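Student: Predicted coordinates and the sequence they were generated for:
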Amino acid sequence: MAKYRADPTPQKVDLGVGVYRDLEGNTPVLHCVRRAEQEVFAAQTTKSYVGAAGREEFNSAVQELVLGAAHAACRDRRAITVQTPGGCGALRLGAELIRAAAPGAAVHLSDPTWGNHSPLLGSTGIRLERYPYYDPRAHALRFEAMMQKLNLAPAGDVVLIHACCHNPTGADLQPEHWQAVAELLQRRRLVPFFDLAYLGFAASLEDDAAAVRMLAQRLPEALIAVSFSKNLGLYRERVGALIVVSESATRAEAVLSHTLQIARGIYSMPPDHGAAIAARIFSDSQLTRDWIRELDSMRTRIQEMRALLAQRLKSATGDGSFDFIRGQRGMFSLLGVSAPAVERLRERHHIYMTADSRMNLAGIMPHNVDYVAAAFAAERASTAAGGD
């Protein structure tokens with residue numbers, strides 16, 4: 001980020017920072033958020049603490065949004081929801097809960113995974129393991145290898161799974177994969193821990209929650225870390241939640257008590273302003289409809305840029321080796337090149353991405369897509385001629 005800001009080159013392109021951008025390159029405040037925020041300010045009479053669990057109406061709405069009002073876990077009062085400081089707070093709170101409840105359990109992360117997963121979870125003292133997920137050179141899921149590795153995990157271990165819009169690869173499990181994963185977790189008595197950071201960014205709110213609902217229906221326990229940074233654009237407000245599904249209502253009550261005790265020892269109280277905005281949107285049918293329309297627009301923009309970049313790369317290279325970009329979902333894809341190649345893209349072409357070659361498709365614009373495609377093609381040709 002610092003190098004990008006310091007680069008004076010007019011044609012520089014930022015594909016690194018993981019935030020949504022519109023066609024003007026801005027990370028906008030959604031219109032529904034502006035209206036809800038005005039209503040929140042107008043009704044607000046105090047800045048006193050809300051409580052360690054956060055805003056009750058927010059928690060209820062999030063649980064219904066993710067699991068659905070008719071889900072058995074909700075009906076049987078086996079699910080509890082706690083507001084957290086963003087999705088990161090939810091991941092850390094879930095990790096602390098796992099450590100307290102099952103200190104010998106390991107958490108299995110996909111390889112590759114989001115760079116912050118390891119420090120967020122590992123700094124609790126939990127043992128981290130890796131399962132194969134994606135081959136960045138072949139641009140393909142390693143599903144059989146993933147299942148073989150998880151089939152060896154001891155009962156009681158936890159499997160962190162990206163619910164949709166896998167970060168950093170953009171390669172998601174398909175419905176038939178999810179069914180196989182559910183069967184394996186059930187048979188091996190493993191606990192899923194979902195990272196649901198991009199709800200609505202893959203297909204729709206309902207479709208993106210389908211796998212979470214299915215596994216929470218079939219398995220006795222599950223953890224779900226939810227973020228509203230992307231789909232509501234509330235990045236700096238740190239709006240998230242942790243949902244925990246337990247075997248029984250009695251255990252859910254115990255989980256809630258322990259979770260709140262842990263939260264008090266980490267951050268005491270979650271921030272309220274963003275959650276109040278989100279709760280207002282969720283409770284007002286017109287604001288909800290407006291939010292869904294804006295969310296659809298953001299998702300469509302990313303899909304269109306994926307298709308456009310894949311098309312221009314095909315023209316620039318003369319083959320379909322980058323067609324994988326078109327079929328992936330969410331903001332990210334892995335280009336599949338080495339760290340030195342990423343550095344050359346930055347030094348020669350002023351295109352910035354993370355060292356693992358993750359690119360944020362929200363940084364692709366109609367005015368820079370040809371430049372990016374030409375740079376990628378030139379770097380590939382240089383590598384084929386003798387680079388790494």
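Tutor: That came through fine.

Student: Please count neighbours and contacts with C-alpha atoms only from this point.
Tutor: Fine.

Student: Determine the longest helix present in this protein.
Tutor: The helix that spans the most residues within the chain, counting by DSSP state H, is helix 285-317.

Student: Contacts for stretch 284-303 next, please.
Tutor: With contact meaning C-alpha atoms under 8 Å, 6 or more residues apart in numbering, stretch 284-303 is reached by 20, 22, 30-32, 36, 200-204, 231-232, 280-282, 326, 329-331, 361-362.

Student: Would you write a PyMOL line that selects the buried entries of these?
Tutor: Typed into PyMOL, the next command selects the buried ones out of the contacts of stretch 284-303 (criterion: 16 or more other C-alpha atoms under 10 Å):
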select buried, resi 20+22+30+32+36+200+201+202+203+231+232+280+281+282+326+329+330+331+361+362
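
Student: Outline the domain layout of the protein.
Tutor: The chain breaks down into these structural domains: 2-28+299-380, 49-283 (assignment by automatic domain parsing).

Student: can you redo those domains as CSV with distance to Ile292?
Tutor: Formatted as CSV, the entries for the domains of the chain read as follows, by distance: least, C-alpha to C-alpha, whole Å:
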stretch, distance to Ile292
domain 2-28+299-380, 10
domain 49-283, 8
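
Student: Can you add mean pLDDT and distance to Phe41 and give those domains back as CSV?
Tutor: As requested, these are exported to CSV (pLDDT from 0 to 100; distance: least, C-alpha to C-alpha, whole Å):
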stretch, mean pLDDT, distance to Phe41
domain 2-28+299-380, 92, 20
domain 49-283, 96, 9
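
Student: which helices and strands sit right next to the helix or strand following the longest helix of the chain?
Tutor: Taking DSSP states H and E as the definition, the helix or strand that follows helix 285-317 towards the C-terminus is helix 324-327. Applying 3 or more C-alpha pairs under 8 Å, 6 or more residues apart in numbering; DSSP states H and E, we find helix 324-327 packed against helix 285-317.

Student: Pull out the buried positions in the helix it packs on.
Tutor: Of the residues in helix 285-317, those buried under the neighbour-count criterion (16+ other C-alpha under 10 Å) are 287-288, 290-292, 294-296, 298-299, 301-314, 316-317.

Student: Which positions in the helix or strand containing Ala180 come out as buried?
Tutor: In this assignment (DSSP H and E), Ala180 forms part of helix 175-188. For helix 175-188, burial by neighbour count (16+ other C-alpha under 10 Å) applies to Trp178, Val181, Ala182, Leu184, Leu185, Gln186, Arg188.

Student: Give the phi and psi angles for the residue nearest the centre of the chain, as a check.
Tutor: Using C-alpha atoms, centre = their mean, the residue of the chain that lies closest to the mean C-alpha position is Ala197, 2.9 Å off. The phi and psi values for Ala197, taken as degrees, to the nearest 10, are phi -90, psi -10.

Student: so what's it closest to, chain neighbours aside?
Tutor: Counting by C-alpha to C-alpha, 6 or more residues apart in numbering, Ala197 lies nearest to Ser227, which is 4.7 Å off, once chain neighbours are set aside.

Student: Fine, thanks again, bye for now.
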